[in-house]
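J.: This is a predicted model, with the sequence first.
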Amino acid sequence: MRIVLGVSGGIAAYKAPELVRRLRDAGGDVRVILTPNAARFVSPLALAAVSEHGVIVEQWGDPERGGVDHIELARWADLLLIAPATANILAKLAVGIADDALTTYAVAHRGAVMVAPAMNTFMLAHPTVQANVETLRARGVEIIEPDSGLLACGDEGAGRLPDVPVIVERVRAHFGTRDLEGKSVLVTAGPTREPIDPVRYISNRSSGKMGYALAEAARRRGANVTLVSGPTALAEPPVKVVRVTTAAEMRDAVLAAPHDIVIKAAAVADFAPVDVAAQKIKKQPDVNELTISLRKTPDILGELGSLSPRPFIVAFAAETNAVEENAREKLVRKGADLIVANDVADTSIGFDSDENEVLVIAKDGTTTRIARAAKSVIANRILDLVVAYSARS
């Protein structure tokens with residue numbers, strides 16, 4: 001992996017030495033280009049020490065060595081990774097301005113490009129910044145979406161540079177083998193909503209983040225991916241997306257076409273109201289209780305297991321107690337090949353979180369514990385197991 005890391009002048013530039021170290025641990029040969037503003041946040045000497053290469057800051061290269069650094073690097077590199085990418089750098093990349101070492105190199109670079117925008121949440125939301133991001137995306141640049149949380153300026157929202165392991169995982173996926181090439185993979189994600197009346201419904205806290213991460217990871221590994229999604233607030237990954245609301249709609253979408261692998265990460269409602277009111281149910285002064293009769297929703301996993309030919313099935317078990325015991329029971333009852341169990345009683349992982357920690361159990365009884373990490377990292381670890389076990393089927 002021959003990587004040019006471009007670092008622009010945002011506060012998140014302080015993560016650059018750790019990013020270089022982790023990229024090298026993953027097998028990368030890393031050369032660094034700093035913008036002059038980035039050099040205010042992180043020392044070129046520190047980056048030279050961890051990369052074991054000279055760091056380029058000046059646009060005109062090193063006169064003692066001769067040659068033009070940006071052209072030489074363009075012949076060498078496989079990937080240009082810019083992290084963090086400020087609003088200024090995004091604008092320059094979008095229109096082709098080349099007025100410093102990094103942007104000059106970017107114009108000369110002919111390999112893949114990956115950028116990780118990081119800035120204040122209001123800057124990120126500005127229409128011009130969003131238009132520049134979309135211009136780059138349409139040009140084939142891979143965008144590592146920023147995280148949400150407390151920012152250095154004190155605001156809270158989208159704009160944080162993702163954690164270093166997340167960025168490294170994206171780079172590894174870019175260079176990784178396309179071990180799902182030629183496979184059709186269906187992923188379900190998010191909650192379902194079962195209506196009570198036109199304004200109320202039964203649902204759950206699933207954000208859909210785990211399923212979306214799996215769909216995106218499978219796409220990068222070469223799969224032809226269909227994502228069947230319940231209602232979420234997430235941006236759609238570049239795969240075929242089928243939007244559904246109820247468990248019945250999800251069942252129809254899942255069974256509409258055969259797939260080689262089905263990953264059921266959605267949190268499907270187990271019960272739905274028997275009767276749905278045509279109008280909003282009003283509060284009555286003399287009525288203190290309301291009884292709603294519920295019926296079971298379709299058993300999507302059960303129907304998948306009875307198909308012939310049968311896909312490779314990955315189930316999910318979100319448990320609040322006896323996590324492994326309950327997951328093993330569900331694995332057998334549903335006839336899945338793998339089941340991914342996580343403890344949703346732990347509020348720091350699972351629902352709404354960007355991180356997860358899971359136990360994967362195979363139908364032969366073996367278990368694999370995947371330590372706490374970003375959901376994008378967890379997704380690739382799960383797919384590693386899917387590739388290994390489906391090859392045995």
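T.: Right, received. Where do you want to start?
J.: can you list the domains in this structure?
T.: 2-175, 184-273+290-392 (automatic domain parsing).
J.: what's the closest of these to Gln284?
T.: Closest approach to Gln284 among these (C-beta to C-beta): domain 184-273+290-392, 8.9 Å. For the C-beta atoms, the positions are set from N, CA and C on the backbone; glycine is no exception.
J.: what pLDDT, on average, does that closest one get?
T.: Domain 184-273+290-392 shows a mean pLDDT of 94.
J.: what about the strands in the stretch 251-393 of the chain?
T.: Counting by DSSP state E, counting those that start in this stretch, one finds strands in the stretch 251-393 of the chain at the ranges 261-264, 271-273, 294-296, 312-319, 338-343, 355-362, 367-374.
J.: Just checking: what are the partner strands of the fourth one?
T.: Next to strand 312-319 in the sheet, as set by DSSP bridges, lie strand 261-264 (parallel), strand 338-343 (parallel).
J.: From the chain's centroid, how far away is the helix ranked longest in the chain?
T.: Longest helix in the chain, counting residues (DSSP state H): helix 375-392. Put simply, helix 375-392 sits 14 Å off its chain's centre (C-alpha atoms, centre = their mean, to the nearest Å).
J.: Would you mind listing the buried residues in that helix?
T.: Across helix 375-392, burial judged by 16 or more other C-beta atoms under 10 Å covers 375-387, 389-390.
J.: For that helix, which outside residues touch it?
T.: Contact with helix 375-392 is made by 165-166, 169-170, 172-173, 179-180, 209-210, 213-214, 216-218, 221, 260-261, 263, 312, 314, 337-338, 340, 353-358, 360, 362, 368, 370, 373, as judged by C-beta atoms under 8 Å, 6 or more residues apart in numbering.
J.: Taking strand 355-362 as reference, get the angle to it.
T.: 10 degrees (axes from the mean of the first three to the mean of the last three C-alpha atoms, to 10 degrees).
J.: what's the angle from helix 375-392 to strand 367-374?
T.: 150 degrees.
J.: Just the CA atoms of helix 375-392, as PDB, please.
T.: What follows is helix 375-392, C-alpha atoms only, in PDB (Å, rounded to 0.1, in the frame of the first residue of the first chain):
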ATOM      1  CA  LYS A 375     -19.300  -0.200  13.500                       C
ATOM      2  CA  SER A 376     -17.500   0.200  10.200                       C
ATOM      3  CA  VAL A 377     -14.600  -1.900  11.700                       C
ATOM      4  CA  ILE A 378     -17.100  -4.400  13.200                       C
ATOM      5  CA  ALA A 379     -18.800  -4.800   9.800                       C
ATOM      6  CA  ASN A 380     -15.600  -5.900   8.100                       C
ATOM      7  CA  ARG A 381     -14.800  -8.300  10.900                       C
ATOM      8  CA  ILE A 382     -18.300  -9.900  10.500                       C
ATOM      9  CA  LEU A 383     -17.800 -10.100   6.800                       C
ATOM     10  CA  ASP A 384     -14.400 -11.800   7.300                       C
ATOM     11  CA  LEU A 385     -16.400 -14.600   9.100                       C
ATOM     12  CA  VAL A 386     -19.100 -14.600   6.500                       C
ATOM     13  CA  VAL A 387     -16.500 -15.200   3.700                       C
ATOM     14  CA  ALA A 388     -14.800 -18.000   5.800                       C
ATOM     15  CA  TYR A 389     -17.900 -19.900   6.800                       C
ATOM     16  CA  SER A 390     -19.800 -19.500   3.500                       C
ATOM     17  CA  ALA A 391     -16.900 -21.000   1.700                       C
ATOM     18  CA  ARG A 392     -17.400 -24.200   3.800                       C
END
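J.: Relative to Lys283, which of the domains of the chain is closest?
T.: With respect to Lys283, and counting by C-beta to C-beta, the nearest of those is domain 184-273+290-392 at 9.0 Å.
J.: for that closest one, how far is the first residue from the last?
T.: Distance between the two ends of domain 184-273+290-392: 17 Å, counting by C-alpha to C-alpha, to the nearest Å.
J.: Show the average pLDDT along stretch 96-105.
T.: Mean per-residue pLDDT for stretch 96-105: 93.
J.: Can you list the buried residues in that stretch?
T.: Residues Ala98, Asp100, Ala101, Leu102, Thr103, Thr104, Tyr105 are the ones in stretch 96-105 that count as buried (16+ other C-beta under 10 Å).
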